[in-house]
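[1] I would like the atomic coordinates for the input below:
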Amino acid sequence: MGSTTDISRLPPSGVSVIVVGAGFAGLTAAIECDRKGHSVILFDKSPALKPLGDIISFGQNSSRFFAKWPGVKEAIDPIIHKSEEFHFHDWRGKFVTTQSFSAEHKAWGPRVNGHRGEIHQVLIQHVLDRGIDFQLGRNIVDYFETDSHAGVRAADGETFTADVVLAAEGVRSRGRRLVLGFEDQPQPSGYAVYRTWYPSTQLLQNPLTKHLVEHGDSHNGWIGKDIHFLAAAIKDGKEMSWVCTHKDDGDIEENWQYPGDVDTVLKVLEGWDPVVLELVKATPPDRLFDYKLVFRDPLPTFISPKARTALIGDAAHPFLPTSIQGASQAMEDGVVLAACLDKAGGKQKVQEAVRVWEKMRYDRVHRIQKTGVTTREMWHKADWDAIWKNPESLHLAREKWILDFDAEQDAYESYERVRDGLSSARS
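    Residues are numbered from 1 along each chain as shown. Below you'll find the model as predicted:
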């Protein structure tokens, strides 16, 4: 990581910000608010943040931010996925098509795919390097606001106030009640995902899986009825991550992560390509997790009545994994909000900045959310007669309006226009 002497920030803005939740939305918001000269406190309820999870993807629209934070890109580069091709197969193992990422896509910037926990740790270290007030073990149980400030109350009864509060602790955020005025419940999506990440030593010794790891990083997908299975070898083939999205009608709770079971996964994949089955069999039992995919109805607003509290990331707009944009949009939220607070010009304009931020983000986020459903339906309800005639129809959409987009630049360039449009609408 870069030294603290490499870290630059704008002069103090006089704006104070509380960020609740140290996921990618909260970390980005804290870093960018500090970079813009705002005073930041970051809370997370976990007493320690360990490098947990599996593969995560950042599109070019968000990976560009890593390069703006001293030392972050350099720390991430050695640990990310290097394959430039994605190979599609049907569920039986028959090769269908290869999607290569073209020179045009590369011109938009780098794609970043890697271990969620490892990339998360890099950002945490950058928060610490910046000297941001980062308090772990703070369980925030309530949000409140007045015309002049917003605040949070911790489980131990201590309260904290600031000019603006950003709720970034996911779909269970207590900030949602302040924004919506009521408690809303998550809904089952009808799907779940088995996920894992483990060393590929055993795979290298297995004739059926050796080709996935012996030549370095690789990326493969198998598509079947209401199931898709994606496998990525990473770190020069030394580690393997796979995910299996499938129909699931089980009950959900707010905490939807459970230990997975290899035998259960094998039953879900009965009759599938032996390569896929060997990947599952090689999975260490303690490395397999079962995630129930949930959704919430689109919110009518991301901000509180007095515009001093904003929901960001999954707290505002949970994404399906097939969008490949959940983390990217969470990061865009934080970047744009920090920029709006800067552009507004001081603490007297915080509420204006929050309202402009919501207008900038609302339609873009919801348009991108829909791509997750589109991709899932394209794969899970595939017409194979049509696919064999046009194999490229399975390819992931790489849309310029999503990926070739600088959210920070756009916020500075469009701020006045969006602000004036809001003023006209209210008059």
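
[2] Show me the beta-bridge partners of the closest residue to His246 other than its chain neighbours.
    Among residues not flanking His246 along the chain, Ile227 sits closest, at 4.7 Å (Cβ to Cβ, 6 or more residues apart in numbering). Every residue, glycine included, has its C-beta placed from N, CA and C. Per DSSP bridges, the residues bridged to Ile227 are Gly224, His246.

[3] Surely Ile227 and Leu269 touch.
    Yes: the pair Ile227 / Leu269 is scored as a contact, 7.2 Å apart, by Cβ atoms under 8 Å.

[4] Find residues that contact each of those two.
    Listed as contacting both Ile227 and Leu269 by Cβ atoms under 8 Å, 6 or more residues apart in numbering are Cys244.

[5] Please work out how many residues are found near Pro409.
    Just so we're on the same page, residue 409 is Gln rather than Pro. 12 (other Cβ atoms under 10 Å).

[6] Next up, phi/psi of it, please.
    Backbone torsions of Gln409, given as degrees, to the nearest 10, read phi -60, psi -40.

[7] quick one, what contacts it?
    Applying Cβ under 8 Å, 6+ apart, no residues qualify as near Gln409.

[8] for the residue nearest to His246, what are its contacts?
    Per Cβ under 8 Å, 6+ apart, neighbours of Ile227: Trp91, Cys244, Thr245, His246, Lys247, Val268, Leu269, His380.

[9] Next, work out how far apart it and Val243 are.
    Computed as Cβ to Cβ, to the nearest Å, the Ile227 to Val243 distance reads 11 Å.

[10] quick check: longest strand of this protein.
    The single longest strand within the chain, with elements called by DSSP state E, is strand 187-199.

[11] Asp342 contacts Lys36, correct?
    Yes: using Cβ under 8 Å, Asp342 is in contact with Lys36, at 4.3 Å.

[12] what residues are shared contacts of these two?
    Common contacts of Asp342 and Lys36, defined by Cβ under 8 Å, 6+ apart, comprise Leu10, Ser13.

[13] Excluding residues flanking it in the chain, which one is nearest Lys210?
    Leu204 (5.8 Å).

[14] now do Tyr194
    Cys244 (4.4 Å).

[15] Hmm, Val265 and the one you found touching each other?
    Yes: at 6.4 Å, Cys244 counts as touching Val265 under the criterion of Cβ under 8 Å.

[16] shared neighbours of the two, anything?
    Shared contacts of Cys244 and Val265, counting by Cβ under 8 Å, 6+ apart, come down to Tyr194, Val280.

[17] Any regions of this structure where pLDDT drops low?
    1-5, 52, 102-104, 185-189, 249-257, 294-296, 427 (pLDDT under 70).

[18] Which stretches in the stretch 251-400 of the chain count as strands?
    Here the stretch 251-400 of the chain has its strands, by DSSP state E, counting those that start in this stretch, at 257-259, 288-295, 309-311.

[19] what inclination does the second one have with respect to strand 187-199?
    If I follow you right, that is strand 288-295. 150 degrees (axes from the mean of the first three to the mean of the last three Cα atoms, to 10 degrees).

[20] what packs against strand 288-295?
    strand 187-199, strand 257-259 (3 or more Cβ pairs under 8 Å, 6 or more residues apart in numbering; DSSP states H and E).

[21] Ser414 against Trp357, yeah?
    No: counting by Cβ under 8 Å, Ser414 sits too far from Trp357 to count as a contact (11.2 Å).

[22] Looking at those two, which is more packed in?
    For Ser414 and Trp357, the more surrounded residue by other Cβ under 10 Å is Trp357, and the numbers stand at 28 against 16.

[23] Please name the nearest non-neighbouring residue to that one.
    Trp357 sits nearest to Cys340 (Cβ to Cβ, 6+ apart), 4.4 Å away.

[24] That neighbour: how many residues sit nearby?
    So Cys340, with other Cβ under 10 Å, has 28 neighbours.

[25] Could you measure from it over to Val40?
    With distances taken as Cβ to Cβ, Cys340 is found 15 Å from Val40.

[26] Let me see the backbone angles for Ala22.
    Dihedral angles (degrees, to the nearest 10) for Ala22: phi -110, psi 40.

[27] Contact partners for it?
    Contacts of Ala22 by Cβ under 8 Å, 6+ apart are Ala30, Leu42, Phe43, Asp44, Ser46, Leu49, Ile124, Val127, Phe134, Leu136, Ala168.

[28] switch the cut-off to 10 Å
    Applying Cβ atoms under 10 Å, 6 or more residues apart in numbering to Ala22 gives the contacts 29-30, 42-46, 49, 120, 123-124, 127, 134-136, 168-169.

[29] Quick check: it vs Ala30, distance?
    8 Å.

[30] which neighbours do the two share?
    Leu42, Phe43, Leu123, Val127, Phe134, Ala168.

[31] Val96: which of those is nearest?
    Nearest to Val96 out of these is Leu123 (Cβ to Cβ; 36.2 Å).

[32] For the stretch 1-150 of the chain, which segments count as strands?
    16-20, 39-44, 55-58, 85-90, 95-100, 112-115, 133-136, 140-145, 150-154.
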